[in-house]
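K.L.:
Sequence plus predicted model, see below.
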Amino acid sequence: MEIRTGGLDHPDVVALLQEHLRGMAELSPPDSIHALDLDGLRQPQITFWSAWQDEELVGCGALKQLDATHGEIKSMRTASRHRRKGVAAAMLEHILDEARRRDYTQLSLETGSMQGFEPARALYARYGFRSCGPFAQYTDDPNSVFMTRAVQRP
């Protein structure tokens, strides 16, 4: 698997992100959807990556800089036909490596509280993320689960 920086203009990436937004809309009430659209992912404080295997898009993820030492995971998505093959874990490890490279001390995320988000919550828990309160611009929301972990040096 090759993880590349960028790709927001590639038609396959656009399609995957549209699938991601549709999935969030199916699982979450409209006022509890925190997924970013293409314009949101093009903000200067966000780095976006696409994951490819033999020129086929298999997933994506992003890292938003909240401040000099704190980052937020955004837009983690695995292409449907590649789920349960380690794509999300590889992207998460890539994001953790980048957080270390940037000297972040904390990495946080928001995901849904509904059953459909259980695989994501389980993945994050396996990587040391623990529940926390709202951070950055978020507020308490029964449809959201907030998670964070310290970023340790290798």
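P.N.:
Okay, I see it.
K.L.:
now the helices for the protein?
P.N.:
If DSSP state H is used as the criterion, the helices of the chain fall at 11-27, 38-41, 87-101, 118-126.
K.L.:
among those helices, which is the most enclosed?
P.N.:
helix 87-101 (a mean of 18; mean count of other CB atoms under 10 Å). For the C-beta atoms, the positions are set from N, CA and C on the backbone; glycine is no exception.
K.L.:
Check which helices and strands that helix sits against.
P.N.:
strand 2-5, strand 46-53, strand 56-67, strand 70-78, strand 106-112, helix 118-126 (3 or more CB pairs under 8 Å, 6 or more residues apart in numbering; DSSP states H and E).
K.L.:
Adding mean pLDDT as columns, could you present these in TSV?
P.N.:
Formatted as TSV, these follow (pLDDT from 0 to 100):
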stretch	mean pLDDT
strand 2-5	97
strand 46-53	97
strand 56-67	97
strand 70-78	96
strand 106-112	97
helix 118-126	96
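K.L.:
show me what contacts A62?
P.N.:
36, 41, 46-49, 73-76 (CB atoms under 8 Å, 6 or more residues apart in numbering).
K.L.:
now do the same end-to-end measure for stretch 111-122.
P.N.:
Taking CA to CA, to the nearest Å, stretch 111-122 runs 11 Å from one end to the other.
K.L.:
What is the distance between that stretch and the centre of its chain?
P.N.:
Offset of stretch 111-122 from its chain centre (CA atoms, centre = their mean, to the nearest Å): 13 Å.
K.L.:
what does it contact?
P.N.:
For stretch 111-122, contacts defined as CB under 8 Å, 6+ apart pick out 24, 26-28, 32, 76, 88, 124, 142-145, 147.
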